[in-house]
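Q: Provided below for reference: sequence and predicted model.
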Amino acid sequence: MASWDIQPQGVQGQLKVVGTHAEDLGKALNALLSDIQEVAQAAGTAVPGTQARTPLSPGPWAPRNKPLGPAATSLFTQTATGPVAAALSEYVTKHKPHMKAMADRCQAAVLGAAKATNEYVQGDLEAAKNAQNAAHTVRLDALKDFGGKKK
């Protein structure tokens, strides 16, 4: 049978350390995604000046010959995406599931260790309770006949 000697206070201390590192990792990943977005916007396009905005045709949901108001011009334009922004977008799209999985694994490891330690403590408490109950049920008068000196 396996023997365990887990110190719950030590586990709690390690979980706090790991939790702090996991938070730092989360902050770093969020900063990375934010920085990538800023870089993509700042990288510009390979299209000069006003050609970077392409007017779109309204389509079947908006009549072609009716004025649509001053806000309509921004609704029917598309900003061109440069090669750097496209590459960064593809990178994030490909690696975002891995980043999420990394965060999920960290969380699962911390929660799993905490749960296992709590189960260990509960098992120790139950074992101690069972031993105490067994000790209460022992008949002391029956033990007098076993061993010891006879008079």
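A: On my side now, so go ahead.
Q: would you list every one of the helices in the protein?
A: 8-43, 72-75, 83-137, 140-143 (DSSP state H).
Q: who are the packing partners of the first one?
A: If I follow you right, that is helix 8-43. With contacts taken as 3 or more CB pairs under 8 Å, 6 or more residues apart in numbering; DSSP states H and E, helix 8-43 sits against helix 83-137. The C-beta positions use only the backbone N, C-alpha and C, and glycine is treated the same way.
Q: so where's this structure shaky on pLDDT?
A: In the predicted model of the chain, residues 1-2, 45-80, 140-151 satisfy pLDDT under 70.
Q: redo the helices of the chain as JSON lines? Include mean neighbour count.
A: Shown next, in JSON lines, are the helices of the chain (neighbours: other CB atoms under 10 Å):
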{"stretch": "helix 8-43", "mean neighbour count": "12"}
{"stretch": "helix 72-75", "mean neighbour count": "11"}
{"stretch": "helix 83-137", "mean neighbour count": "12"}
{"stretch": "helix 140-143", "mean neighbour count": "8"}
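Q: now do the same contact list for the nearest residue to residue 92 once chain neighbours are set aside.
A: Once flanking residues are discounted, residue 92 sits nearest to residue 36: 5.9 Å by CB to CB, 6 or more residues apart in numbering. Counting by CB atoms under 8 Å, 6 or more residues apart in numbering, residue 36 touches 88, 91-92.
Q: now with 10 Å, please.
A: Shown in contact with residue 36 (CB atoms under 10 Å, 6 or more residues apart in numbering): 85, 88-89, 91-92.
Q: from those, pick the one nearest residue 5.
A: Nearest to residue 5, judged by CB to CB, of those is residue 92 at 45.6 Å.
Q: from residue 29, how far out is that closest one?
A: 11 Å (CB to CB, to the nearest Å).
Q: cool, and residue 139?
A: Residue 139 is 65 Å from residue 29, by CB to CB.
Q: hang on, the earlier thing: which residues do residue 92 and residue 29 both contact?
A: Shared contacts of residue 92 and residue 29, counting by CB under 10 Å, 6+ apart, come down to residue 99.
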